[in-house]
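Peer 1: Any chance you could fold what I've pasted below:
(chains A and B)
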Amino acid sequence: MTSNHAPASSGFQNPLPRRPPLLFSRRRSVLAGSSPKPKERKARHTALLPACLTFLCLLCPSLNAQTIDDGIMLARRSLCAGALYTHDSWDSYWQGSLQRVNGNIGTITTQTITMAANYGVTSRLDFIINVPYVWTDASKGVLHGQSGFQDLTLAAKYKLLSIPVGKFGALRAIAVLSGTLPMTNYTPDLQPLSLGANSKTLTGRATLNYLGRRGLYLNGTAAYTFRGNVTLDRSSYYTNGQLYLSNQVAMPNLFNYGTSVGYRKNNVSLLGDFSVQQARGGGDIRPQDMPFVSNRANFSKAGATIKVPVPKVRDLQYWFIYSNTFQGRNVGQANTFTTGLMYTLPFEKRATP
Amino acid sequence: MTRKTPLFRASISAAIFLALALSTSSCSKDIPSSEALPTVTPANTDANAGSWKMIVLSGPTQIPVVAPAPVSDPGYQSELASIKTAQANLTDAQKTAITYWSSGGVLRWNQIMREIAARSDLPPSPNPDGSYPVPSPANPFANPQYPFSNPPYAARAYSYVSVAQYEALKAAWYYKYLYNRPSPFKADTSIKALLPASDIPSYPSEDAVEAGVNIALLTLLFPTSVDEINAKAAEQQQVALISGRASPSDIAAGVALGKAVAAVFAARAASDGMKAAGGSPAIWQSLADNATARGEIPWISQDGPPRPPMLPVFGKVKAWMMTPNDIVNERPGPPPSTSSTQMQTETAEVKSIVNSLTRDQQATVYKWADGVSTVTPPGHWDAIAEPYVSAASFSEVRASRVFALLNMALHDAAVACWDAKYFYFNPRPSQLDPSIKTQTGLPNFPSYVSGHSDFSAAGSDVLSYLFPDGATYFQTQMKEAAMSRLYAGIHYRSDIEVGMDHGKRIGDYTVRFAKTDGAN
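Peer 2: Numbers count the residues shown, from 1 in each chain, chains lettered A, B, ... in the order given. All right, here's what the predicted structure looks like:
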């Protein structure tokens, strides 16, 4: 009958949660950025390459994957594309500031396959596209998991500055304008099992990056995200101390920043990552209630990124990214890992050896 | 490659512009929390409302209201002078308040009550040992706060406040037309009518009657919202005054009448069986034993950790239009046996539906979820009634009749539905087949019959009688609400079909009363 009164599950989730964290998508470009000139490579073709390409293309028509928030640019007329698998799970979450578990949901697991592509239009302008497909599941209780395409991400990444720092390396300043668009009309009203927030977003991002000749990699990035109203299937909802007699939910904007420090050279990246999200508003999850789409979702995450070339396959790179949410509010204490292959296709080179 | 070109400079400018735009823009995307309702000018004064049939009071004079001072009285004249002074110095906040209350006090109090019910609609969190604390009316601010406004609690609360307002307004109408004191704006033409003007006498003030009822009764039902209730009541009284509709003595008499009527209802509430509705471990066990003795699989809680059933003795709570015998007589026949082929078939149907929902069906589930932190199904039907009441331009007493009749039927549906649920103690689909996963939260009480179906049929029945033009719409909403529970995977089809039939029969008790209450 009536209501979900009983179960009261709760979980959390932050609106962007399920999207493979932007951190992940930090793409690297085999071809090295632009400032150092792309090394010349010989065009070697292995038998494996066509096979791999075929494999990737099956995964995603428009592959790519890239990094919206790193300081690396693709070389002109090169495409970096691939597929990434993300596994995100938590059983403990923050109901407001109270950390707890909930027997009505157990462990919430979100799996995502992201097809990603990054194209270097020029040496200073990249276009990025991400297409995620998401599955959610609760290990306890009776709630039905959800699955489907989530939000398309489109980004334009522009290198504003590249300043040589003596003979040691180069400092780059990068601006990114990105947006997300829900690809399906999935519900945002079954948190924490909804695929996402179903909100259109627009993000402005600035990144400062230093890459040393010996491989020292320092990256700092900050972003502000505007989020459009979300439409619910119901005509009233209660959040943040008020009953709203509307199906429209105002979504708090988001401020994100992060740093990465480590080594990057010769197609190998070994980085330590730290990132923070602060929602600019929103209410807390109410005790024993489900999370609500506009909850104030804050978190701090730490993790590591490993990107290494796949032996014997030119321009194919393996990624492994891990993060742990060690502090938060209205989010799960998630352990997240992403793994996948990204391939870089240098059109330019073929044309001009 | 890094030559400084015009493009480069342009990009710098663009970046600066973008940064400024991002840092300064403040999106105006706020969602208004209170609905903008049209101003209501009563189409009819309902001058005979003092003779409409009472429900709880013995008659309109059960609470005496002394005669007001004549218009010529110096004390009354100084009251009028105070209104003029107030009208000359209206603040913006006061003007906003006048606009807010011009939609009708009954409608606004119904909205306020729904908000408070939604705020209180939180089940207690489990203790570390897996037990659950019980909200205590003796200590309402403690954790968990009192009350947990689940659907039966909310149904009862909505009905108490709605019926008390209706009775108090009928009594007020009796005295209004007994004493015939004009509104201040009629007694003194230099006083403006800032609320819609009517010929309804002003003593006692209907706005103040509503404030008095809510100060006493709504606060009794939702003690933690006392500050908000008092603030709204004070604002409503002030608006009655500064709008030129009521004088201080009109208001004082109204508040006193409202509180006195509320006291009658508070006494009823203290002995209506609600205190025992939670049952006891022995009662919970006996319910399961009864089902087992009949050869049926008893309901168990699927909450984690298992939670005591929600208000298992609510079926014994006093109804408005039905006697305890009526409740038993209207009890539906038994559900399909848990060991029957029909139950297997119905369980399989639930699984099939819940695993292949269309987006439209999913939208129906969420529209009618009415779970934690919502106005609950009874409140949902109040929200459905709201635009019809608003558009009908009713007097306050007639508007209050709608909510009284509707919420009496919804409360009686809650009582009768809970009676059936705990009499049969029938398991949910996800208990009989644990592979069934639900599309909304699973309510923590037995399945048969569906509360949504019961509430919605009763609500639709009463509203269809009061607003015949909306009958088709109400029926559509009823069926949608009922079917949403099958789509959600939390009810069998027979819960829904029997529940709708049951709810209609419950609603008919109220409709029969309404046909002879003198208001037609």
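
Peer 1: going forward, measure contacts and count neighbours with C-alpha atoms only.
Peer 2: OK.

Peer 1: What parts of the stretch 251-353 of chain A come near chain B?
Peer 2: A:Arg286, A:Pro287, A:Gln288, A:Asp289, A:Met290 (C-alpha under 8 Å from any C-alpha of the partner chain).

Peer 1: How many residues are close by the third one?
Peer 2: For A:Gln288, the count of nearby residues is 23 (other C-alpha atoms under 10 Å in any protein chain shown).

Peer 1: Let me know whether it touches B:Leu122 as I believe.
Peer 2: Yes. Counting by C-alpha atoms under 8 Å, A:Gln288 does reach B:Leu122; the two are 6.8 Å apart.

Peer 1: Give me the common contacts of those two.
Peer 2: Shared contacts of A:Gln288 and B:Leu122 (C-alpha atoms under 8 Å, 6 or more residues apart in numbering or on different chains): none.

Peer 1: Now A:Phe299: closest residue in space, sequence neighbours ignored.
Peer 2: Distances taken as C-alpha to C-alpha, 6 or more residues apart in numbering or on different chains place A:Gly328 nearest to A:Phe299, at 4.0 Å, with adjacent residues excluded.

Peer 1: OK, contacts around the one you found?
Peer 2: A:Gly328 touches A:Trp94, A:Ser97, A:Ala297, A:Asn298, A:Phe299, A:Ser300, counting by C-alpha under 8 Å, 6+ apart.

Peer 1: could I get the residues you listed as CSV with secondary structure?
Peer 2: As requested, those are exported to CSV (DSSP: H, G, I helix; E, B strand; the rest coil):
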residue, secondary structure
A:Trp94, strand
A:Ser97, coil
A:Ala297, coil
A:Asn298, strand
A:Phe299, strand
A:Ser300, strand
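
Peer 1: Looking at the residues you listed, which one is closest to chain B?
Peer 2: Nearest to chain B among these is A:Trp94, at 14.1 Å by C-alpha to the nearest C-alpha.

Peer 1: what about that closest one, distance to A:Asn330?
Peer 2: 5 Å (C-alpha to C-alpha, to the nearest Å).

Peer 1: more neighbours, these two?
Peer 2: Comparing A:Trp94 with A:Asn330 by other C-alpha under 10 Å, the one with more neighbours is A:Asn330, at 29 against 25.

Peer 1: Tell me if I'm right that that one and A:Ser97 touch.
Peer 2: Yes. In this structure A:Asn330 lies within contact range of A:Ser97 using C-alpha under 8 Å: 7.4 Å.

Peer 1: In contact with B:Met408, which residues?
Peer 2: Per C-alpha under 8 Å, 6+ apart, neighbours of B:Met408: B:Ser159, B:Val163, B:Ala319, B:Trp320, B:Met321, B:Thr510.

Peer 1: Kindly recompute the last result at 10 Å.
Peer 2: Counting by C-alpha atoms under 10 Å, 6 or more residues apart in numbering or on different chains, B:Met408 touches B:155-156, B:158-160, B:162-163, B:319-322, B:402, B:414, B:458-459, B:462, B:506-507, B:509-510.

Peer 1: next one: B:Gly130
Peer 2: A:Gly103, B:Gly304, B:Pro305, B:Pro306, B:Arg307.

Peer 1: Confirm it sits in a strand?
Peer 2: No. Read with three-state DSSP, B:Gly130 is coil and lies in no strand.

Peer 1: Which helix or strand in chain B has the lowest average pLDDT?
Peer 2: The weakest-scoring helix or strand in chain B, judged by mean pLDDT, DSSP states H and E, is helix B:6-24 (a mean of 52).

Peer 1: next helix or strand past that one?
Peer 2: helix B:74-88 (DSSP states H and E).

Peer 1: Packing partners of that next one?
Peer 2: Helices and strands touching helix B:74-88, by 3 or more C-alpha pairs under 10 Å, 6 or more residues apart in numbering or on different chains; DSSP states H and E, are helix B:184-187, helix B:226-242, helix B:248-270.

Peer 1: any chance of the ones you listed in CSV, with mean pLDDT too?
Peer 2: Shown next, in CSV, are the helices and strands packed on helix B:74-88 (pLDDT from 0 to 100):
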stretch, mean pLDDT
helix B:184-187, 97
helix B:226-242, 98
helix B:248-270, 98
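
Peer 1: who wins for proximity to chain A among the ones you listed?
Peer 2: helix B:226-242 (11.9 Å).

Peer 1: ok, the closest one near chain A or not?
Peer 2: No. Residues of helix B:226-242 are not located near chain A by C-alpha under 10 Å from any C-alpha of the partner chain, the shortest gap being 11.9 Å.

Peer 1: Distance from that helix to the middle of the chain?
Peer 2: 20 Å (C-alpha atoms, centre = their mean, to the nearest Å).

Peer 1: buried sites along that helix?
Peer 2: Of all the residues in helix B:226-242, those buried under the rule 16 or more other C-alpha atoms under 10 Å in any protein chain shown are B:226, B:229-230, B:232-242.

Peer 1: No further queries at this time; thank you.
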